[in-house]
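Colleague: Give me a model of this one.
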Amino acid sequence: MIADKFDMPTFPDLITSRRQWIETVLEPWCRSALRRDLLQAEQAWLDIAGRPSPESTLWLWAWSRFPVLRAAGLPTLNETAPVVVHCRDGTVSTGFPDARRSVAGQLWLVGPGGATFGPFSIDEILSVDSAQ
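Modeller: Numbers count the residues shown, from 1 in each chain. Down below sits the predicted model:
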């Protein structure tokens, strides 16, 4: 059966529908998905999300489950303030997030004197709080 041309969505309707799906389904999924699923999504990201890089969408959305790691307008992790990371195994670490090194769901911190802490898997982190 051929659809009536008046039943077909317009191109602007398709764009609106896709944006709505990204905002209501894809972005919330990224905030709660396991690292293994995020890594799998990264491989198909162009098919799922279009042209935006996984680093500026998928992984940024995933890290937004810890709001202190995000800053409005920044396309990457917020490196401007120290944080305290609490892990499931009881590990607690304090430092500044290292956005360049924190890839594929692994968070790295830079502490006093340039000491590095991590990687902390997104699945193993219970909470991230401001250290200030």
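Colleague: Can you point out the buried residues in stretch 26-33?
Modeller: Neighbour-count burial for stretch 26-33 flags 26-27, 30, 33 (criterion: 16 or more other C-beta atoms under 10 Å). (C-beta placed from N, C-alpha, C; glycine too.)
Colleague: Next, format those as CSV and append secondary structure and distance to residue 132.
Modeller: As requested, the buried residues of stretch 26-33 are exported to CSV (DSSP: H, G, I helix; E, B strand; the rest coil; distance: C-beta to C-beta, whole Å):
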residue, secondary structure, distance to residue 132
26, helix, 32
27, helix, 27
30, helix, 27
33, coil, 29
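Colleague: in the lowest-mean-pLDDT helix or strand in the chain, what counts as buried?
Modeller: The helix or strand of the chain with the lowest confidence, counting by mean pLDDT, DSSP states H and E, is helix 45-49 at a mean of 85. The neighbour-count check on helix 45-49 (16+ other C-beta under 10 Å) flags 45, 49 as buried.
Colleague: Tell me the gap between that helix and the middle of its chain.
Modeller: Helix 45-49 has its C-alpha centroid displaced from the chain centroid by 15 Å (C-alpha atoms, centre = their mean, to the nearest Å).
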